[in-house]
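A.B. asks: Need a 3D model of the following:
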Amino acid sequence: MLLAGDIGGTKTNLALYRSKEDLRSPVREAKFPSARYATLAALVHDFLSQIDIPGLKIERAVFGVAGPVVAGKAKVTNLPWHMEEGQLEQLLNIPSVTLLNDLVATASSIPLLRSEDVFTLNEGKTTLHGTLAIVAPGTGLGEALLTWDGAHYRVHPSEGGHADFAPTDAFEIGLLVHLLKQMNHVSYEHVCSGIGFPNIYAYLKSTGTFNEPAWLADALAQAVDQTPIIVNAALGTVDATDIPENERRPAEPICEAVVKEFVKVLGAEAGNMALKVLATGGLYLGGGIPPRIFSYIRQPEFMEAFKAKGRFSDLLSEISVHLILNNKVGLMGAASFGFEN
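C.D. replies: Below is the predicted model:
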């Protein structure tokens, strides 16, 4: 038996697997509110206490963690959990525990994806065993690549999301200048992740191009996290089906402009990643944000920005691009890593 986990600051998903052939049908699976537990060990014990399998023995556990993993130690972003592989082995009585960065776990799932798990933005020409790349905007901007070793794909983590933001037009030059007044280094993560929406919004508001309605100004002023408000206001009544009826409003032009700019920058950086690693096997969009703004990403602007690489535009147009829709790829990837390594 293998225990896999997708550990986030808000929620934790756990699943128990018998073999790699059962990655889509775990023996048990459950979701937990992370903040309700003092430690990961306490949460896992709660999960296992609900499983009635005589003689259950878990041989290995692999947890994808929303935060950096260094020398077998990790801390979840937005949680006071400090985790160590050796300590977890003792507390959980599991012989082998592995902590993975959550993007490494997600990337490990890519070779397992089926057509129903993705939305193809560009068919391209996929090369068998070609290098794969993933760009995943969520709370931060994660990036990784996978290379073929002759038998399997191997994941290579990257911190490319922290590379210098490169403007591609006059608006983005102004955005960069605006952000440089507030920080000494502006990365793609500052523009193209959850923290990017408020940054783009603040600059766009400062230009005076759009009016800011009073209700939106009040909501943003009171919010701890402004991103959901901006995204929901951009989606309006057409796409924001998870918003209660009495809170729905028409899409706000200023927020629509923010999301459109976000998508354009995401397209450009995805194209950068595809060029840097020569992702002839395909480029995948992961993270929680792309599915949320799916109606914007499927518009031509994303792929136009992706391919706008001068002499290499033709090469980029031949790279397949897919948006990951399956929200269980973190679990699948963590389990796959455990069975293969």
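
A.B. asks: all contacts plus neighbour counts: C-alpha atoms, from now on.
C.D. replies: OK.

A.B. asks: residue ranges for the strands of this protein, please.
C.D. replies: Secondary structure of the chain (DSSP state E): strands at 2-7, 11-17, 28-33, 60-65, 69-70, 73-75, 82-84, 96-101, 118-122, 132-137, 141-148, 153-158, 282-285, 321-324.

A.B. asks: Pipe these into JSON lines and attach mean pLDDT per row.
C.D. replies: Listed next are these as JSON lines, based on pLDDT from 0 to 100:
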{"stretch": "strand 2-7", "mean pLDDT": "96"}
{"stretch": "strand 11-17", "mean pLDDT": "94"}
{"stretch": "strand 28-33", "mean pLDDT": "94"}
{"stretch": "strand 60-65", "mean pLDDT": "96"}
{"stretch": "strand 69-70", "mean pLDDT": "90"}
{"stretch": "strand 73-75", "mean pLDDT": "90"}
{"stretch": "strand 82-84", "mean pLDDT": "95"}
{"stretch": "strand 96-101", "mean pLDDT": "95"}
{"stretch": "strand 118-122", "mean pLDDT": "97"}
{"stretch": "strand 132-137", "mean pLDDT": "96"}
{"stretch": "strand 141-148", "mean pLDDT": "95"}
{"stretch": "strand 153-158", "mean pLDDT": "91"}
{"stretch": "strand 282-285", "mean pLDDT": "98"}
{"stretch": "strand 321-324", "mean pLDDT": "98"}
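
A.B. asks: Would you reformat these as JSON lines and include mean neighbour count?
C.D. replies: Formatted as JSON lines, these follow (neighbours: other C-alpha atoms under 10 Å):
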{"stretch": "strand 2-7", "mean neighbour count": "28"}
{"stretch": "strand 11-17", "mean neighbour count": "21"}
{"stretch": "strand 28-33", "mean neighbour count": "14"}
{"stretch": "strand 60-65", "mean neighbour count": "26"}
{"stretch": "strand 69-70", "mean neighbour count": "16"}
{"stretch": "strand 73-75", "mean neighbour count": "18"}
{"stretch": "strand 82-84", "mean neighbour count": "16"}
{"stretch": "strand 96-101", "mean neighbour count": "23"}
{"stretch": "strand 118-122", "mean neighbour count": "17"}
{"stretch": "strand 132-137", "mean neighbour count": "28"}
{"stretch": "strand 141-148", "mean neighbour count": "23"}
{"stretch": "strand 153-158", "mean neighbour count": "17"}
{"stretch": "strand 282-285", "mean neighbour count": "26"}
{"stretch": "strand 321-324", "mean neighbour count": "24"}
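
A.B. asks: Which stretch among those strands approaches residue 49 most closely?
C.D. replies: strand 28-33 (11.8 Å; C-alpha to C-alpha).

A.B. asks: Let me see the domain layout of the protein.
C.D. replies: Per automatic domain parsing, the structural domains of the chain span 2-107+329-340, 114-325.

A.B. asks: residue ranges with poor pLDDT in the stretch 101-250 of the chain?
C.D. replies: Counting by pLDDT under 70, the ranges of the stretch 101-250 of the chain that qualify are 237-248.

A.B. asks: What is the burial count for residue 208?
C.D. replies: By other C-alpha atoms under 10 Å, 9 other residues sit near residue 208.

A.B. asks: same deal with residue 306?
C.D. replies: 23.

A.B. asks: can you tell me which residues contact it?
C.D. replies: By C-alpha atoms under 8 Å, 6 or more residues apart in numbering, residue 306 lies in contact with 267-272, 316.

A.B. asks: mind putting those residues in a markdown table, pLDDT and distance to residue 333 included?
C.D. replies: As requested, those are exported to a markdown table (pLDDT from 0 to 100; distance: C-alpha to C-alpha, whole Å):
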| residue | pLDDT | distance to residue 333 |
| --- | --- | --- |
| 267 | 98 | 25 |
| 268 | 98 | 26 |
| 269 | 98 | 24 |
| 270 | 98 | 21 |
| 271 | 98 | 24 |
| 272 | 98 | 25 |
| 316 | 97 | 27 |
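
A.B. asks: can you list those in CSV and add distance to residue 17 and neighbour count?
C.D. replies: Listed next are these as CSV, based on distance: C-alpha to C-alpha, whole Å; neighbours: other C-alpha atoms under 10 Å:
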residue, distance to residue 17, neighbour count
267, 36, 24
268, 38, 23
269, 36, 21
270, 33, 26
271, 36, 28
272, 37, 18
316, 38, 25
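
A.B. asks: tell me which of those residues is nearest to residue 96?
C.D. replies: Comparing these against residue 96 with C-alpha to C-alpha places residue 270 closest, at 35.4 Å.

A.B. asks: which outside residues touch the helix of greatest length in the chain?
C.D. replies: If you go by DSSP state H, the chain has its longest helix at helix 253-277. Under the criterion C-alpha under 8 Å, 6+ apart, residues 131, 133, 135, 145, 188, 191-192, 196-197, 200-201, 204-205, 210-212, 230-231, 233-235, 279-280, 283, 293, 296-297, 301-309, 316, 319 lie in contact with helix 253-277.

A.B. asks: thinking again about what came up before, quick one: the strands of the chain as CSV, columns for distance to residue 341 too.
C.D. replies: Listed next are the strands of the chain as CSV, based on distance: least, C-alpha to C-alpha, whole Å:
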stretch, distance to residue 341
strand 2-7, 12
strand 11-17, 15
strand 28-33, 22
strand 60-65, 10
strand 69-70, 17
strand 73-75, 18
strand 82-84, 19
strand 96-101, 10
strand 118-122, 26
strand 132-137, 19
strand 141-148, 15
strand 153-158, 10
strand 282-285, 23
strand 321-324, 24
